[in-house]
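Colleague: Here's my sequence, what's the structure:
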Amino acid sequence: MTQHHADAKPRTRVQRIFNTPNVVSIGIGLTAFAALASVFDTSIGIIVSAIGAGILAGGIWLAIARYRAEPDLKSVLADLTLLGAIPSDDSGPAPALSDSGVADRYTGLLGEIEGHTTGRVLLVSSAAPGHGASTVALNLAIAAAQAGRRVMLVDADPSANGLGRFLSSGVSPGLSDVAEGTATLAEATRMWTLDDGTSFPMLPSGEGQTGQVAVEGLLVAEAFDTVSEHADLILIDVSPILWSESTPELGRHADGTILVLSDNAQPAMVSRAISQLAAIGAPVVGYVRNRSDGTAKLAPTRLRSSIKRAATVTIALLVMYSVLTGLNLWSSWRGIETQAFDQEAVQALAADVPTVVEDVEPDNDVDADDAQDAAENVPEITAPEQAYDTFLLIGGDEVSGAADVILYLVLPTNSADPFMVSLPRDLWVDNPCTGGQSRINSLIHGCESKGVNGPTLLASQVGAFTGIEVDHFALFDFEGFSDIIDAAGGVEICVDYAVKDKKSKLSLPAGCTNASGEQALAWVRSRHTQQQINGVWRSVPGVSDLSRNQNQQDVILELFKKLKRFDSPSDLTASVSSLADTFVLDDQLGIADAVDLAWRMRAIDLEDINRFEVPVRLARSKSGQSILIATEPFDTVLIARYGGQLPAEDSMAPESSPLNQDPLD
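Modeller: I've put the predicted structure just below:
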């Protein structure tokens, strides 16, 4: 058995943690993780990298430990007697009172102790905290009292882990008071009565630490001598010897020590504790395997410790990676500009400003009565809360200041497929700011004089038109749109013929092009598109704001395909950081909501996103504006595609709403 100098000082907790094997193995583990994570930068790759780095760290620690030839637990305990094994029990601090099996174990332990020593004063200690020495001391005293032995229990551990936590009468006066001469043994002793009427005396610890001179002094010696004249056994529960200055001094009054340890005790600590107890004259009588059935073979602790360190390093690396990634994401998120999204202000505005329906004049053979009816019958249906998660993308025109792109993404919270709809910029809707009607794109100017900003006003009317309330919005200008696409590495645009538009500066060859931000922007803005057929440039038939909406959806979906390809949280963080200056978000969108939305979008097959057009007819307002009038409620369009798959409307929705009707009726 390896021995250590009796006067060697116990290492502090910091020294035990930051010893050479630990520092070297952790350092190598960190280096390995950084290298592996840079190569396998996916969610699964990060986990595998952490596991690999943890295994490497554990292996390095094991190699160093073996090289240093430190003893294992089995060899440390080779010369000591196993007094008994106490299995785990969660029934309370004194299972010997309620469990006959546990009581028999402690009675057997008592017999083994009496068979291996004639001493009456015994310390009950451990090499380190957490091995359950206090519980063993208490239950051993109970077993001795029940067996008819005259036993006294002394609490010499003033810490929160001592026997004092089981006392309702307080810890003072106690041993420290006897040692200092401020209380007599009779005044400090309590009687601990068991359930069957059996009792035994107990001496609590007293308040605070006792000085070294007082502990080893004459008063304590006389007290133990007095008790020994009448008691068969005095059990002194003490702090772990390597953690306490008073334990060695109390050992000078003892005849021996019962060493309590768990199966995962550190061999070096146990060896040093054994040596120090022998040096103070309280040698180990034998050891107790606590929280053990006693049948398990004591495996080499180095192997168990290396596995434990591998698991610890793995968990620590994953936690560290998550924290650093979270901090980076939070820092990038804080750099995003926000605007207030105050829907209550819009509701208050609508209540204060009565709506006046403006007359419209038909155009392109549109019947005036039909157009007027469509304008009056724009649905005002509110979906139930949490029925949908919705996001409104708003692209601003720097020249006019109006909204040039209004794209609404809706994710039903049930199993129905998501959908998106581009709202034509000339769509004629109510304007709560004026009390009249206006093109929907002009709502982006807001009603600042009445405390409602543009995105809020626009979002409120998108919700009113579709019947599905907007949860969040993102606002970007054309430069920001171009930057987003460039940051994503471009988007694919496919055309049958070469196309151009001088006004939007569009120029794309035939076939598929990985378009830059500038090219994609020109494509979605083009209203005078020409295509080259047989060497001749001709206007593309049917080009209008509605066809632009189709192009916008194509580009947005292609952009989503690029952005949704992040494979790890670090990819998401990098995406947020690169895009932080390109758009403005509403102030109601928190970082947790954004991350959840990003991961939800990642799981969605974009081919499953339904794409809708708003059914409209061309008309002119009384003031001569060219406008588009909705020819049917939007929920009619939804029911035609979804049937009854969408979340049902609640009591807030009109009973006549198609979403509340069976599509087969």
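Colleague: Show me how far stretch 240-249 is from its chain's centre.
Modeller: Distance of stretch 240-249 from its chain centroid, counting by C-alpha atoms, centre = their mean, to the nearest Å, is 41 Å.
Colleague: And stretch 44-60, by the same measure?
Modeller: Counting by C-alpha atoms, centre = their mean, stretch 44-60 comes out at 21 Å from the chain centroid.
Colleague: which SSE is I28 in?
Modeller: Assigned by DSSP states H and E, I28 belongs to helix 20-39.
Colleague: Can you tell me what sits against that helix?
Modeller: Contact partners of helix 20-39, identified using C-beta atoms under 8 Å, 6 or more residues apart in numbering, comprise 45-46, 48-50, 52-54, 56-58, 60-61, 64-65, 68, 309, 313, 317, 321. Every residue, glycine included, has its C-beta placed from N, CA and C.
Colleague: same question, stretch 585-593
Modeller: Here stretch 585-593 has contacts from 329-330, 333, 336-341, 455-456, 459, 471-475, 594, using C-beta under 8 Å, 6+ apart.
Colleague: let's go with 7 Å and repeat that
Modeller: Stretch 585-593 has contacts (C-beta atoms under 7 Å, 6 or more residues apart in numbering) with L329, W330, W333, I336, T338, Q339, A340, F341, P455, H472, F473, A474.
Colleague: buried set for the helix or strand where L638 lies?
Modeller: Assessed by DSSP H and E, L638 sits inside helix 634-642. Within helix 634-642, the residues that count as buried by 16 or more other C-beta atoms under 10 Å are F634, D635, V637, L638, I639, Y642.
Colleague: And the residues you listed, which is closest to P248?
Modeller: Y642 (80.1 Å; C-beta to C-beta).
Colleague: Tell me the predicted confidence for that closest one.
Modeller: As predicted, Y642 sits at a pLDDT of 85.
Colleague: isn't F481 right up against G395?
Modeller: Yes. The criterion here is C-beta atoms under 7 Å, and F481 meets it with G395 at 5.9 Å.
Colleague: Can you get me a residue count around the residue lying closest to F419 once chain neighbours are set aside?
Modeller: With C-beta to C-beta, 6 or more residues apart in numbering as the criterion, F419 has its nearest non-adjacent residue at 3.9 Å, and that residue is N610. Residues lying near N610 (other C-beta atoms under 10 Å) number 14.
Colleague: nearest spatial neighbour of A143, skipping sequence neighbours?
Modeller: Y106 (3.7 Å).
Colleague: Please determine how far that neighbour is located from P93.
Modeller: Distance of Y106 to P93, given as C-beta to C-beta, to the nearest Å: 13 Å.
Colleague: out of these two, which sits in the busier spot?
Modeller: Of the pair Y106 and P93, Y106 is the one with more neighbours under other C-beta under 10 Å, namely 25 against 15.
Colleague: Now do the same for the more buried one: helix, strand or coil?
Modeller: helix (DSSP: H, G, I helix; E, B strand; the rest coil).
Colleague: List the contacts of it.
Modeller: Per C-beta under 7 Å, 6+ apart, neighbours of Y106: A96, N139, L140, A143.
Colleague: Filter these down to the buried ones and express that as a ChimeraX selection.
Modeller: Here is the ChimeraX command that selects only those of those that count as buried (16+ other C-beta under 10 Å):
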select :96,139,140,143
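Colleague: just the contacts of Y106: which has the poorest pLDDT?
Modeller: Scoring these by pLDDT puts A96 last, at 83.
Colleague: how about the nearest residue to that residue, chain neighbours excluded?
Modeller: N139 (4.1 Å).
Colleague: Same check on E112?
Modeller: Per C-beta to C-beta, 6+ apart, closest to E112 is L83, 4.4 Å.
Colleague: Can you get me a residue count around that neighbour?
Modeller: 23.
Colleague: what sits against it?
Modeller: L109, E112, I113, I258, G286, Y287, V288.
Colleague: Which of those residues fall within strands?
Modeller: Here DSSP state E is the test, and these give I258, G286, Y287, V288 as lying in strands.
Colleague: can you list the residues you listed in CSV and add distance to Q532, pLDDT and neighbour count?
Modeller: CSV is the format used below for the ones in strands among the contacts of L83 (distance: C-beta to C-beta, whole Å; pLDDT from 0 to 100; neighbours: other C-beta atoms under 10 Å):
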residue, distance to Q532, pLDDT, neighbour count
I258, 97, 95, 27
G286, 98, 94, 20
Y287, 92, 95, 24
V288, 92, 94, 28
